[in-house]
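Trainee: Turn this into a model:
(one chain, ligands or ions: 1)
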Amino acid sequence: MTSRVALVTGGTGGIGTAIVKRLAQMGHKVATNYRNEEKARAWQARMREDGIEVFLTRGDVTSPEEAAAMVHAVEAALGPIEILINNAGITRDTPFHRMRPDQWMEVINTNLNSCFNVTRPVIEGMRERKWGRIIQISSINGLKGQYGQANYAASKAGMHGFTISLARENARYGITVNTISPGYIATDMVMAVPEEVRAKIIADIPTGRLGTPEEIAHGVAFLVDEQAGWITGSNLDINGGHHMGW
Ligand code: CAA
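Mentor: Presented below is the predicted three-dimensional model:
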């Protein structure tokens with residue numbers, strides 16, 4: 001198998017950790033960014049216990065300058081980035097009629113503007129080398145909407161608009177660009193939803209349970225595979241049947 005250099009943004013989070021592990025287990029060299037050094041080093045130590053080495057670099061994806069510096073640090077340490085997983089994301093759930101400007105901006109900056117900030121310094125190298133895999137980790141709620149998530153759903157729907165334009169622009173350069181839309185996954189983000197609301201959501205999932213981060217990482221493994229070169233501009237729903245469309 002060809003070993004590639006992969007950058008997973010927000011790799012220390014719930015879904016991010018599973019993606020980092022899976023890519024490393026596939027033999028890729030994996031990097032992620034952090035904002036809180038202490039937390040990130042503790043995470044790195046836990047990964048080492050599992051035999052996984054991850055390159056860590058400081059960087060806030062909401063800043064174009066920090067994102068560019070982060071990309072350069074990864075490339076100086078590991079080589080040109082060939083796989084990019086735009087995974088960093090946050091929620092600031094509030095009904096729209098009470099939403100403050102900062103709750104709107106933080107979510108759009110972290111989930112959507114980050115895709116510009118991180119992908120922009122990566123794309124030219126991929127085009128020159130004529131190979132690349134870019135995946136946006138979006139959400140079921142970008143497709144179906146969710147009470148309290150006008151900011152989040154807008155950012156996540158925007159990520160797929162980004163995917164399909166980039167896919168068109170770069171298809172002739174050996175670069176595939178796809179979206180994965182996870183449903184409700186057992187992570188801290190979902191566990192922060194009030195219990196009675198969460199119970200109703202789970203009751204609505206045909207499989208009757210939350211997904212696992214590993215089930216999302218499996219989708220990433222599929223799309224980054226060397227044989228997935230003709231899959232571009234697609235959205236892969238991994239949601240236990242919670243939302244079905246075509
Ligand atoms: N549909 C319709 N109405 C709803 C509703 C829903 N899903 N959820 C809440 N409401 C209504 C209630 O019935 C209630 O109405 P009344 O005032 O008429 O009684 C009202 O909203 C409750 O409003 P509150 O003022 O109590 O709202 P709150 O500020 O306490 O909480 C909320 C609102 C923060 C949005 C809370 O409902 C919540 O956290 N909901 C879950 C949102 C969610 O699913 N987030 C996903 C997070 S995980 C994630 O994002 C990962 C991913 O990609 C899937």
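
Trainee: what's the burial count for Ile108?
Mentor: 17 (other Cβ atoms under 10 Å). Backbone N, C-alpha and C define where each C-beta goes, glycine included.

Trainee: which residues of this structure score low on pLDDT?
Mentor: Counting by pLDDT under 70, not a single residue of the chain qualifies.

Trainee: mind listing what whatever residue of it ends up closest to the ligand touches?
Mentor: Going by Cβ to the nearest ligand atom, the ligand is nearest to Gly148 of the chain, at 2.2 Å. Gly148 makes contact with Asp93, Thr94, Pro95 under the criterion Cβ atoms under 8 Å, 6 or more residues apart in numbering.

Trainee: Next, count neighbours for the closest residue to Tyr34 other than its chain neighbours.
Mentor: Distance criterion Cβ to Cβ, 6 or more residues apart in numbering; nearest residue to Tyr34, sequence neighbours excluded, is Ala40 at 3.4 Å. Residues within reach of Ala40, counting by other Cβ under 10 Å, total 19.

Trainee: so how far is stretch 99-118 off the chain centroid?
Mentor: 14 Å (Cα atoms, centre = their mean, to the nearest Å).

Trainee: Of the contacts of Gly148, grab the buried ones for PyMOL.
Mentor: Listed next is the PyMOL selection for buried residues among those, using 16 or more other Cβ atoms under 10 Å:
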select buried, resi 93
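
Trainee: can you narrow the contacts of Gly148 to ones near the ligand?
Mentor: Filtering the contacts of Gly148 for neighbours of the ligand using Cβ under 6 Å from any ligand atom leaves Asp93, Thr94, Pro95.

Trainee: Inside strands: which ones of those?
Mentor: The members of the ones next to the ligand among the contacts of Gly148 all map outside strands under DSSP state E.

Trainee: Now for Val190: which residues touch it?
Mentor: Val190 makes contact with Tyr184, Arg198, Leu210 under the criterion Cβ under 8 Å, 6+ apart.

Trainee: Now rank those residues by neighbours and give me the top one.
Mentor: Tyr184 (22 neighbours).

Trainee: Spit out the contact partners of that one.
Mentor: Ile140, Val190, Arg198, Ile201, Ile202, Ile205, Leu210, Gly211, Asn239, Gly240, His242.

Trainee: Report the central residue of the chain.
Mentor: Asn87 (1.7 Å; Cα atoms, centre = their mean).

Trainee: Got phi/psi on the residue lying closest to that residue once chain neighbours are set aside?
Mentor: Spatial nearest neighbour of Asn87, excluding adjacent residues (Cβ to Cβ, 6+ apart): Ile137 at 4.3 Å. Dihedral pair for Ile137: phi -90, psi 100, per degrees, to the nearest 10.
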